[in-house]
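**Student:** what would the 3D arrangement of this be:
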Amino acid sequence: MKVLLSLVLVLHSFVIVRASVYNDKFEGRQMANGEVFRQTGLTVASNDYNLGTRLKLTNTKWPHHVAYVTCTDRMRFDSHIDLSAAVARKLGIHGTGTVMIEVMN
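**Tutor:** Got it, this is the predicted structure:
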């Protein structure tokens, strides 16, 4: 009896991008995927990833801060990625401004 062994190799790519936190004025507004935005959701906005794409985000300064998110919205400007407040908390980001994060798809 022959045994067929198949090996599946999954390659993941990552990039390091500048991230900012969604402004509170977007709370309750409709996102590009049709859902209502909530700061408590584990969601991000990006023009670089397809809607519905699952991403692993890591804070480059504190690699133990990781968040698994879904791309649910688009951005008006050329920023790389906007984080909901819940994602920012998981990544150890406090306040406003920008931070460098690693994005893996």
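
**Student:** what residues are up against T98?
**Tutor:** Going by CB atoms under 8 Å, 6 or more residues apart in numbering, T98 touches 18-20. Quick note: C-beta positions are derived from backbone N, CA and C, even for glycine.

**Student:** ah, wrong one, I meant N33
**Tutor:** Counting by CB under 8 Å, 6+ apart, N33 makes contact with 51-52, 72-73.

**Student:** can you flag which of the contacts of T98 belong to strands?
**Tutor:** 18-20 (DSSP state E).

**Student:** please pick the buried ones from these.
**Tutor:** 19-20 (16 or more other CB atoms under 10 Å).

**Student:** now render the ones in strands among the contacts of T98 as JSON lines, adding distance to T40.
**Tutor:** Listed next are the ones in strands among the contacts of T98 as JSON lines, based on distance: CB to CB, whole Å:
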{"residue": "R18", "distance to T40": "23"}
{"residue": "A19", "distance to T40": "18"}
{"residue": "S20", "distance to T40": "18"}
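
**Student:** now do the contacts for the closest residue to T53 other than its chain neighbours.
**Tutor:** Nearest non-adjacent residue to T53, counting by CB to CB, 6 or more residues apart in numbering: C71, 4.5 Å away. Contacts for C71 (CB under 8 Å, 6+ apart) come out as 43-46, 49-53, 55.

**Student:** apply 7 Å and report the result again.
**Tutor:** 44, 46, 49-53, 55 (CB atoms under 7 Å, 6 or more residues apart in numbering).
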